[in-house]
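**Student:** What follows is a predicted protein model with its sequence.
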Amino acid sequence: MKELRSTFTASDGAVISYLDIGEGIPFVWIHGWGGEALTQLPLLRGLAAQGFRCLCFDQRGCGQSPATPNLGVPRSAQDTKELLEHLNIDDAVVLGYSMGGAVLFHYLQEYGTERLSKIIIGDMSPKPVSDGGWKLGIYQGWYTKEQMERDLYNMEHNYKAFSVFFAEQTIFQHTPDEVRTFDESPEFERAVREKSAAAGKTELLEHLIDAPVENRRTNRIYWESCDSRDYRKALKRIDVPTGLFFADPGSLYSPEIAEWIAERVPDTTIYLFHGCTHLASGEKPLEFIEAIADFSKKSGKEKGVLPA
């Protein structure tokens, strides 16, 4: 099976690194916040074995792609388009997971469905910040503009306080009726570490908390670039089959977002990953791979079918 690490030169001269695995249906995975192409490698290999040509590029400042002054969600959307142009692909299935979903929303806003045959929105809200008229943002509706400003401050001045709370909210199941109270106390951190150890999630916790210093500025830029936007109007530009992949009960986002989008976008298929957190693709990778394969072969508005 073909497995290559390649690069392309973007329109601004930046050299962007990407993985190119397998042959068949062109499939692009846009990775999430704090990730890189290599973190998706097991899933990409699994999909390649089912007849996909899998592509995943390192967004700027992640993996092997350089940090540039213009990094952020808009530039990542442009890089997605330029990767497809570079490879002369005009019928890709594109999955944007978590922050990658924001990149996909921005792509839709700027380019519509140019070069896309189908899209998959993975556990992401078109508007991460909630307000009086919108309760489907991050932390299952508990994230406000004031909380975002607090996070941006802590990401610059007290990264551990931000990351411990974010990690707990990400790797453990939560429901919309839970009150999310920010806690930067040593007691909270100790409780999270004990909870993670008991659940066998210590390695994952440490990965989220101990971001290298050189990555923290990049993480902050992406966080603000992603969470400050409202892409609800971009959904009107969707005119291709759309998969909605959401964790249930989830952790960062409510599965109710899938229903909200499905009511406004034609030709949608909802896949719920039961018993999962925001990290559903890693918790149930075989189901995730089967769901992508199932969706890619569908036509029309059908209920998504996950393996038994």
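**Tutor:** Happy to help now that I have it. Numbering: from 1, shown residues only.
**Student:** CA atoms for contacts and neighbours, from now on please.
**Tutor:** OK.
**Student:** And the helices in the stretch 151-300 of the chain, which stretches?
**Tutor:** Listed in chain order, the helices of the stretch 151-300 of the chain (DSSP state H, counting those that start in this stretch) span 159-171, 186-198, 202-209, 213-227, 256-262, 280-283, 285-296.
**Student:** Can you lay out the ones you listed as CSV showing mean pLDDT and mean neighbour count?
**Tutor:** Formatted as CSV, the helices of the stretch 151-300 of the chain follow (pLDDT from 0 to 100; neighbours: other C-alpha atoms under 10 Å):
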stretch, mean pLDDT, mean neighbour count
helix 159-171, 91, 20
helix 186-198, 91, 14
helix 202-209, 85, 15
helix 213-227, 92, 17
helix 256-262, 97, 18
helix 280-283, 94, 19
helix 285-296, 96, 19
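**Student:** could you check the angle helix 159-171 makes with the worst-scoring helix or strand of the chain on mean pLDDT?
**Tutor:** The helix or strand with the lowest mean pLDDT-type score in the chain, counting by mean pLDDT, DSSP states H and E, is helix 202-209 (a mean of 85). For helix 202-209 against helix 159-171, the angle by axes from the mean of the first three to the mean of the last three C-alpha atoms, to 10 degrees is 130 degrees.
**Student:** Using CSV, write down the CA coordinates of helix 202-209.
**Tutor:** What follows is helix 202-209, C-alpha atoms only, in CSV (Å, rounded to 0.1, in the frame of the first residue of the first chain):
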residue,chain,number,x,y,z
THR,A,202,-3.2,9.4,31.9
GLU,A,203,-1.2,9.4,28.7
LEU,A,204,-3.9,11.3,26.9
LEU,A,205,-4.2,13.8,29.7
GLU,A,206,-0.5,14.5,29.7
HIS,A,207,-0.6,15.0,25.9
LEU,A,208,-3.2,17.7,26.3
ILE,A,209,-1.6,19.4,29.3
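**Student:** Relative to the whole chain's centre, how far out is it?
**Tutor:** Relative to the mean C-alpha coordinate of its chain, helix 202-209 is positioned 18 Å out (C-alpha atoms, centre = their mean, to the nearest Å).
**Student:** Please apply the same query to stretch 72-87.
**Tutor:** Distance of stretch 72-87 from its chain centroid, counting by C-alpha atoms, centre = their mean, is 16 Å.
**Student:** With stretch 248-264 instead?
**Tutor:** With C-alpha atoms, centre = their mean as the basis, the mean position of stretch 248-264 lies at 14 Å from the chain mean.
**Student:** same check, this time on stretch 274-283
**Tutor:** Here the centre of stretch 274-283 is set off from its chain's centre by 12 Å, with C-alpha atoms, centre = their mean.
**Student:** what residues does that stretch touch?
**Tutor:** Applying C-alpha atoms under 8 Å, 6 or more residues apart in numbering, the set of residues contacting stretch 274-283 from outside is 123, 170-174, 246-253, 273, 284, 288.
**Student:** Narrow those residues to just the buried residues.
**Tutor:** Taking 16 or more other C-alpha atoms under 10 Å as the criterion, what is buried in those is 123, 170-174, 246-253, 273, 288.
**Student:** Neighbours of residue 153, how many?
**Tutor:** Using other C-alpha atoms under 10 Å as the criterion, residue 153 is surrounded by 14 other residues.
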